[in-house]
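Student: sequence and predicted model, in that order:
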Amino acid sequence: MRGSLKPPGDKSMSHRALIFGLLCIGRTHIEGLLEGEDVLHTAAACRALGAKVERLAPGQWTVWGAGLGSLLAPRDTLDFGNAGTGSRLMMGVVGGHGIFARFDGDSSLRKRPMRRILDPLTLMGANVVSEAPGGCCPIELAGTNEPSPITYQTPVASAQIKSAVLLAGLNSPGSTTVIEQEASRDHTEKMLLHFGAEVQSEAYGKHGRKIILKGRPKLMPAEVIIPADPSSAAFPLVAALIVPESEIIIEAMMMNPLRTGLLTTLCEMGADIEVLDRRIEGGEEVADLRVRASALRGVDVPAARAPSMIDEYPILAVAAAFAEGETRMRGLHELRVKESDRLAAVAEGLRQAGVEVAIEGDDLIVQGQAGLVRGGGLVETHLDHRIAMSFLCLGLAAEAPMAVDDDRMIMTSFPGFRALMENLGARFS
């Protein structure tokens, strides 16, 4: 694999940029928006709540906001497809406004737990009118015009829970506080500041954060430049590490320290990754990466690192399969409630490729094949885009090609995946 690439815009920031544009009065310009299906569902929801959302050119969008406290009740169900982030953040928005909305999505989204979002919103005064068994979609939510200011400690490290509470707290007459035992990605806090809100973030305990938001700020429209998504960059990055004689350049990847756990882990495994031209773009640190094929070794990945790489474990497991020795990834309980049970899906996919793998509690243990992975299997993706892309990357370096049962869901996060990989030398059939 040879060449240069710029991965698509960061999905987490794309959702948030649209939502903050909705909550401002006036024009917000977004550069580099990810135009995957997940983000497009969030754009449609913003329109349904009163914003004017327009696409000017590829990646360039404007949002004319309805304004905090002035959202419209949507006429129809807010359909988020496969978008867990979009649906959960928008529940926070609706929960903090006196409007009623019905949330739904595809079969995968309907399996994902939403009670962890609904519980704090209920404490703030929102009312869950109806929900599917297990606190899943479809969900009918009646928000409140006077969300109570609360102090809430998240039960797990989750930027989605934190963000939903903060978005509801924006319309509160007091201050909303969120406490995390393990710090999760901080794009919401940074974007709150960028749009003019008063928010403080301070250390809490050994690895946590305490975030305090002052309610009812005057949010001002702003320009948002979205850097390349490290979760999407992970696929060509690992592919270049495991395909012999490869060398690629990944351009303008976000280097937020709460998103670079995969880089840290791969470097511990012996990956040849050179960081070039660190710089600030759109309020986030970015850099170019030179990646060369490398002989990897197994490592022990601590549970504390999970929040900074929670979406990258499937592709890390692929790297571990080609490493020498055992890799143990600890504390992966959150993988069980992603688009699929990723812990089980990754393990089964590796077995299909001839890799010895085990699950012990919430730990994934991969026995590396020192570069000699058999391949040749068919992987059941369970409608999960990251499972599909991970095992297609494994097939690039295995002795026999890997097949996946479906690749259509890749459009949710990385619509240009196949073309980008083919430009670097990959072959698909």
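Tutor: Structure's in. What do you need?
Student: helix, strand or coil for L141?
Tutor: strand (DSSP: H, G, I helix; E, B strand; the rest coil).
Student: my read: it touches V93, true?
Tutor: No - between L141 and V93 there is no contact under CB atoms under 8 Å: 10.3 Å. To be clear about C-beta, it is placed using only N, CA and C from the backbone, and glycine gets the same treatment.
Student: contacts only, for R110.
Tutor: When contacts are counted by CB atoms under 8 Å, 6 or more residues apart in numbering, R110 touches D104, A132, C136, C137, P138.
Student: domain assignment for the chain?
Tutor: 10-222, 230-423 (automatic domain parsing).
Student: sorry, back to before: would TSV of the contacts of R110 with distance to V373 and secondary structure be doable?
Tutor: Supplementary listing: the contacts of R110 in TSV, determined by distance: CB to CB, whole Å; DSSP: H, G, I helix; E, B strand; the rest coil:
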residue	distance to V373	secondary structure
D104	40	strand
A132	40	strand
C136	36	strand
C137	38	strand
P138	41	strand
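Student: nearest to I280 among those?
Tutor: Nearest to I280 among the contacts of R110, counting by CB to CB, is C137 at 37.9 Å.
Student: buried set for stretch 410-425?
Tutor: Buried positions in stretch 410-425, judged by neighbour count with 16 or more other CB atoms under 10 Å: I410, M411, T412, S413, F414, P415, G416, F417, L420, M421, L424.
Student: shaky segments in this protein?
Tutor: In the predicted model, the chain carries pLDDT under 70 at residues 282.
Student: can you give me the helices for it?
Tutor: Using DSSP state H, the helices of the chain run over 11-23, 37-48, 84-95, 115-123, 159-169, 187-194, 230-242, 261-268, 313-322, 342-352, 385-397, 417-423.
Student: of all those helices, which one is nearest G283?
Tutor: Closest among these, using CB to CB: helix 187-194, at 5.9 Å.
Student: so which elements touch the closest one?
Tutor: Contacts defined by 3 or more CB pairs under 8 Å, 6 or more residues apart in numbering; DSSP states H and E place helix 187-194 against helix 11-23, helix 159-169, strand 199-204.
Student: ok, 6 Å please
Tutor: helix 11-23, strand 199-204 (3 or more CB pairs under 6 Å, 6 or more residues apart in numbering; DSSP states H and E).
Student: in the shortest one, what's buried?
Tutor: Spelled out, that is strand 199-204. Buried, per 16+ other CB under 10 Å, within strand 199-204: V199, S201, Y204.
Student: partners of that strand in the sheet?
Tutor: Counting by DSSP bridges, the strands paired with strand 199-204 are strand 208-214 (antiparallel).
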